[in-house]
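Undergrad: build me a model from this:
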Amino acid sequence: MMKTVKERTRDALLAAKGRFLSGGELARQIGVSRSAVWKAVKALSADGYEIRSVTGRGYCLTAGDVLSPEGIARLLQTAGWMIETYDTVDSTNRVVKDLAERGAPEGAVVVAKQQTAGRGRRGRSFVSPPDTGLYMSLLLRPDAAAEDALFITTAAAVAVCRAIERVSGEAAQIKWVNDVFCRGKKVCGILTEASLSAESGRLDYAVLGIGVNLHEPPGGFPPAVAAVAGSVLPAGESGDRCVLAAAILDEFSPLYAALSERTFLEEYRARSLLRGRAVTVCLPSGDRAATAIGVDERCRLLVRFDGGEEQTLSSGDVSIKL
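TA: Prediction:
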């Protein structure tokens, strides 16, 4: 996906790390006119970026919660991530899928401030308002069977919980299989989409999408999700999306490297929001009341229906009264 002039101007100013760049130098770097640079700088300032403008010296980006590849990379403790950032995309998963189909290597990461067509499980839309969330997708090429894609999702849920607790101090729990909760509200959704190799039947690649509500949107969440949606940070607290993105990547990296060893499994179980609680299982035949017993070695949910029958769920929707 081609970046806009505004995004390329922002990236050039970030790469300068506090050094002034003249309008002419910026124009040459990104291949546009000086007038286009001036308009981009004005647009960035309107977005909240703090940019100093000095006659004879040019422009300098000074501060702000600036989402950028450089801002994330300088915080990372793990290697191998190739990061792109955007102000707006339709879907970070869609962008990373395109990269995968073009042969991009494992470790490509796309991060955006807003999604216009974010997606959740079962084709649902994922609310992705501007400036209040972190939306990121990772390209993975594991040597794994198709059924192991579930372990990517569950490992990511543990990584997100750890990252949230590291940057905010808020306790995080997991609602099977892919939602992270803080203070009784959903603050993160995870969607893993996989492509299979026709020759081997194993994973060709997987796209791991993570959407986190860092702040509550102005005016609150849309009515359709207001009852369940929450944010990592309480109202009035400031947060840095680069810090959270780097923390998620750093926490996920060792769990993914040891994916076959399931080092995350006990923690995933311990963080379960459902264990021992009454739930409603949404089945093709209709909704059924049950009690969540726990999570097995394959990260499947064990439930006991009101009639005493037990079942192992590898997919599907489970709801709980909060």
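Undergrad: now do the strands in the chain.
TA: 50-54, 58-63, 82-89, 108-115, 133-140, 173-175, 179-182, 185-196, 203-213, 278-283, 286-295, 301-305, 310-313, 317-319 (DSSP state E).
Undergrad: from residue 155, how far off is residue 261?
TA: 11 Å (CB to CB, to the nearest Å). Yep, even glycine has a C-beta here, placed from its N, CA and C like the rest.
Undergrad: more neighbours, those two?
TA: residue 155 (27 against 9; other CB atoms under 10 Å).
Undergrad: burial measure for the closest residue to the more buried one other than its chain neighbours, as a count.
TA: In space, and not counting its chain neighbours, residue 155 is closest to residue 255: 4.3 Å by CB to CB, 6 or more residues apart in numbering. Using other CB under 10 Å as the criterion, residue 255 is surrounded by 23 other residues.
Undergrad: and if you look at residue 233?
TA: Neighbour count of residue 233, defined by other CB under 10 Å: 22.
Undergrad: am I right that it is in contact with residue 240?
TA: No - if you go by CB atoms under 8 Å, residue 233 and residue 240 don't touch, sitting 10.5 Å apart.
Undergrad: picking up where we left off before, so which of the strands of the chain is the most surrounded?
TA: Per residue and on average, the most neighbours among the strands of the chain fall to strand 133-140, with a mean of 26 (mean count of other CB atoms under 10 Å).
Undergrad: so what strands line up beside that one?
TA: strand 108-115 (antiparallel), strand 203-213 (antiparallel) (DSSP bridges).
Undergrad: could you dump the ones you listed into JSON lines with distance to residue 139 added?
TA: Below are those laid out as JSON lines (distance: least, CB to CB, whole Å):
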{"stretch": "strand 108-115", "distance to residue 139": "4"}
{"stretch": "strand 203-213", "distance to residue 139": "6"}
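Undergrad: got the ones you listed as a markdown table, with mean pLDDT and distance to residue 18 columns?
TA: Below are the strands paired with strand 133-140 laid out as a markdown table (pLDDT from 0 to 100; distance: least, CB to CB, whole Å):
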| stretch | mean pLDDT | distance to residue 18 |
| --- | --- | --- |
| strand 108-115 | 94 | 22 |
| strand 203-213 | 96 | 28 |
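Undergrad: of those, which approaches residue 186 most closely?
TA: strand 203-213 (8.0 Å; CB to CB).
Undergrad: quick one, that closest one and strand 185-196 angle?
TA: 160 degrees (axes from the mean of the first three to the mean of the last three CA atoms, to 10 degrees).
Undergrad: what is the burial count for residue 15?
TA: Neighbours of residue 15 (other CB under 10 Å): 14.
Undergrad: now the closest residue to residue 296 other than its chain neighbours: how far from residue 262?
TA: Spatial nearest neighbour of residue 296, excluding adjacent residues (CB to CB, 6+ apart): residue 302 at 5.9 Å. Separation of residue 302 from residue 262 (CB to CB) stands at 17 Å.
Undergrad: again, but for residue 227
TA: Relative to residue 262, and taking CB to CB, residue 227 is found at 34 Å.
Undergrad: cool, and residue 102?
TA: Relative to residue 262, and taking CB to CB, residue 102 is found at 32 Å.
Undergrad: contact partners for residue 173?
TA: Residue 173 makes contact with 161, 180-182, 271-273 under the criterion CB atoms under 8 Å, 6 or more residues apart in numbering.
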